[in-house]
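Chemist: One predicted model, sequence on top.
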Amino acid sequence: MNISNAVRNILLLYQKNEITEHHIYMKLAERIGSRENRQVLESIAEDELRHYHAWKSYTGQDTAPDKRAIRKYTWISRIFGLTFGVKLMERAEENAQGSYERLLKVIPEAETVMKEENQHESALLQMLEEEMLRYTGSMVLGLNDALVELTGALAGLTLALQNTKLIALTGLITGIAAALSMGTSEYLSTKTEGNVKNPLKASVYTSLTYLVTVLLLVFPYLVLNNYFLCLGCTLASAVIIIALFNYYISVAKDEPFKKRFFEMAGLSLSVAGLSFFIGLLMRRFLGVEV
């Protein structure tokens with residue numbers, strides 16, 4: 001079949017993506033412990049290789065994989081989890097396929113190939129089992145409570161105490177105690193519900209998420225002296241944490257980003273603002289001077 005140079009270039013780009021993803025899936029499959037997940041990844045890798053050869057039948061030439069992309073997504077999958085890594089990669093591939101309509105005009109059967117690829121890969125990716133994603137509810141609980149409670153507490157303490165080291169000490173004590181309390185509550189709640197989650201693991205995920213959030217929010221008070229600047233950094237950190245966490249969930253679980261982000265950010269900042277004024281009122285009402 002005779003094709004133009006422009007269409008050939010599009011097909012070569014598709015070939016490069018397919019062979020690159022084939023190598024990524026094979027590398028991930030080699031390193032994974034779960035037999036079920038390994039079979040899923042190997043099946044997707046075979047699909048990618050088959051699609052590569054389908055496009056090659058039109059171009060008549062081979063393309064080399066993108067080694068940089070292979071390293072990038074392999075490491076992302078190791079650090080942030082298998083599901084997040086492969087779904088992020090698939091999103092990037094979808095965004096890169098801007099010439100799809102132009103390709104259909106020349107190669108009508110390309111629609112069938114692309115549809116089969118998207119539907120099959122989507123179904124296979126849903127089969128991946130990852131422990132971290134089973135406990136996202138526990139992580140959301142720890143993160144949300146830490147953000148709402150501690151941003152509010154630190155905002156109130158900032159006005160009430162006006163001493164960064166004292167605020168940091170109080171915030172850490174409050175945060176660590178709350179993290180242990182939340183972990184205990186999650187353990188008892190999960191055990192009572194009798195669901196598929198392990199109560200101890202659910203408790204650990206909740207406590208660790210809470211504790212890490214506490215440390216990030218209190219950190220400005222440990223290194224800066226201006227308590228208003230510390231509060232500003234803490235609120236900015238809270239927004240960044242919410243954005244990053246919700247982006248992770250939106251990619252890994254195919255959930256909407258904006259709605260969850262604005263809901264969590266709105267709650268945290270509203271509580272912080274209210275607590276800020278409560279701290280001011282309490283300081284004046286009780287006549288506390290530090």
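Modeler: The structure has been received and is ready for your questions. Numbers count the residues shown, from 1 in each chain.
Chemist: contacts and neighbour counts: CA atoms only from here.
Modeler: Fine.
Chemist: Contacts only, for C230.
Modeler: By Cα atoms under 8 Å, 6 or more residues apart in numbering, the contact set of C230 is T164, P220, Y221, L224.
Chemist: Narrow those residues to just the buried residues.
Modeler: Buried subset of those (neighbour count, 16 or more other Cα atoms under 10 Å): T164, P220, Y221.
Chemist: Next, find the distance separating the second one from F228.
Modeler: When Cα to Cα, to the nearest Å is applied, the distance between P220 and F228 equals 10 Å.
Chemist: Repeat that for the first one.
Modeler: The spacing between T164 and F228, counted by Cα to Cα, is 9 Å.
Chemist: can you list residues touching both of those two?
Modeler: Listed as contacting both T164 and F228 by Cα under 8 Å, 6+ apart are T158.
Chemist: Which helix or strand contains the residue nearest to H51 when sequence neighbours are not counted?
Modeler: Spatial nearest neighbour of H51, chain neighbours left out: E18 (6.6 Å); criterion: Cα to Cα, 6 or more residues apart in numbering. Following DSSP states H and E, one finds E18 within helix 5-31.
Chemist: And that helix, what does it pack against?
Modeler: helix 35-59, helix 67-80, helix 100-106 (3 or more Cα pairs under 8 Å, 6 or more residues apart in numbering; DSSP states H and E).
Chemist: closest one to S237 among those?
Modeler: Of all the helices and strands packed on helix 5-31, it is helix 67-80 that lies closest to S237, at 19.9 Å by Cα to Cα.
Chemist: Quick one: list the elements packing against that closest one.
Modeler: Partner elements for helix 67-80 (3+ Cα pairs under 8 Å, 6+ apart): helix 5-31, helix 82-96.
Chemist: and the angle from that helix to helix 5-31?
Modeler: Angle between the axes of helix 67-80 and helix 5-31 is 40 degrees (criterion: axes from the mean of the first three to the mean of the last three Cα atoms, to 10 degrees).
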